[in-house]
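with the input below, show me the fold.
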Amino acid sequence: MTIQATTTEELFGGSQMSPIENPYSVYRRLRKEEPVCALAMMDQRVGYMLTRFDDVYIALKDDEVFSNRSNANGIGIVMGRTIVEMDGREHLRHRNIITPALAPRALRGDFPRLVEATAHELIDKFAGRGQADLVEEFTFIYPLQVFTQILGLDPEMAATFHRWAIDLSWVGRDPQRGLKASQLLAEHLQPVVAQRRAEPTDDLISRLVSAEVDGRGLADEEVVSFLRLLVMAGAETTYHLMGSALFGLMTHPEQLEEVRQDRSQLDAAIDETLRWESPVQIVTRETLQPTVLSGVEIPAGTELIVGVGSANRDESHFEDPDRFDLHRKGPEHIAFGFGKHYCAGSRLALLEARVGITTLLDRLPKLRLDPGQDAAVVGMAFRGPNRLPVLFDA
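Okay, here's the model as predicted:
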């Protein structure tokens, strides 16, 4: 089989109105038959999609050959210039601005109690009903409501911020939708940035406005671009991770019961979810020099779609990879990336997921999927359930 410069829609199915339901059968075929697959990119130039673990690992690890600058032509259009399109020392210096606020030591003390209080506040609104859509009423709102407090933004705006974040991610399919969201975020954030310059506090926005890179402070537009990225990352990843973890557990009741009886198993369930349904399924890179992957010669300047979700189900690394198994032994997943671009917010995402799911299990006895309604994990760039109707004892 040779797939020549097809599009992702032709390869996987799905569209703007119909999200991709299951890309894994296509990934499996590509890993076996054409692991470096030619694709027509947005501007009709030919790029490649990588689907094998070993190739994806190399592309994530080696930033001297595989550059992040490709993101400038995608999400960078609505974000502005951010660390997702930077490499080398520039990337490191900008990343170092935010890592102290997201490091493990910053997430101790009173912070877990704040996260738990946020979870309880949301659950209070539906715990007495005996039924809910956990996506609409919990997982969609909870992570960003926590993150807005780190940023120093109004938690009541969390759902609005999340909708704008989703719209940002649509820039490739609906540029006007993405650009509108970018503008709305800027209009909301610019006055906040100005206020923090005048009256700094101890939040992350104050850290950004007072930071220096190579002896120069960040301009307002640079701070706003950083915040767009942080809002999107804080919203989309944990939201999908939590939804998929809950879906995985509730569709495997025996494993859900194990977690109920032994909460130490929850970390394993979250880790397995990151492999089984990676929240971020694909990232992009651009080759800075010619290279060879799986026997395919790739010229310099080639855009790559790096299939993280496919790599995490590569049967050459993971036994029976389509099975959800919280007792899985074997190699580590790469859902958070690898190397210098490893997800800076991974610790926060894990803490939010652990606290959120624990609180749901504590508050909602006999939590289970509603058999009268449909639920499924969907998506390609970001992947998770878009609804999670459940029943529980009120």
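
and the strands in this protein?
36-40, 46-50, 66-67, 131-133, 212-213, 216-217, 282-287, 291-293, 296-298, 303-307, 368-369, 377-378, 384-385, 389-391 (DSSP state E).

could these go into JSON lines alongside mean pLDDT and mean neighbour count?
C-beta here means a position set from N, CA and C on the backbone, and glycine is covered the same way. Output for the strands of the chain, formatted as JSON lines (pLDDT from 0 to 100; neighbours: other Cβ atoms under 10 Å):
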{"stretch": "strand 36-40", "mean pLDDT": "90", "mean neighbour count": "19"}
{"stretch": "strand 46-50", "mean pLDDT": "91", "mean neighbour count": "23"}
{"stretch": "strand 66-67", "mean pLDDT": "95", "mean neighbour count": "24"}
{"stretch": "strand 131-133", "mean pLDDT": "98", "mean neighbour count": "18"}
{"stretch": "strand 212-213", "mean pLDDT": "84", "mean neighbour count": "12"}
{"stretch": "strand 216-217", "mean pLDDT": "86", "mean neighbour count": "11"}
{"stretch": "strand 282-287", "mean pLDDT": "94", "mean neighbour count": "22"}
{"stretch": "strand 291-293", "mean pLDDT": "97", "mean neighbour count": "16"}
{"stretch": "strand 296-298", "mean pLDDT": "95", "mean neighbour count": "15"}
{"stretch": "strand 303-307", "mean pLDDT": "95", "mean neighbour count": "25"}
{"stretch": "strand 368-369", "mean pLDDT": "98", "mean neighbour count": "16"}
{"stretch": "strand 377-378", "mean pLDDT": "94", "mean neighbour count": "19"}
{"stretch": "strand 384-385", "mean pLDDT": "96", "mean neighbour count": "25"}
{"stretch": "strand 389-391", "mean pLDDT": "98", "mean neighbour count": "20"}
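
which one of these lies closest to residue 78?
strand 282-287 (14.7 Å; Cβ to Cβ).

re the thing from before, quick one: which of the strands of the chain is nearest residue 94?
strand 212-213 (6.1 Å).

note down every partner strand of that closest one and its orientation.
Next to strand 212-213 in the sheet, as set by DSSP bridges, lie strand 216-217 (antiparallel).

if we look at the partner strand, which residues are touching it?
Residues from elsewhere that reach strand 216-217 (Cβ atoms under 8 Å, 6 or more residues apart in numbering): 209, 210, 211.

end to end, how far does stretch 258-267 reach?
12 Å (Cα to Cα, to the nearest Å).

mind listing what's buried in that stretch?
Of all the residues in stretch 258-267, those buried under the rule 16 or more other Cβ atoms under 10 Å are 258, 259, 260, 265, 266.

good, wrapping up.
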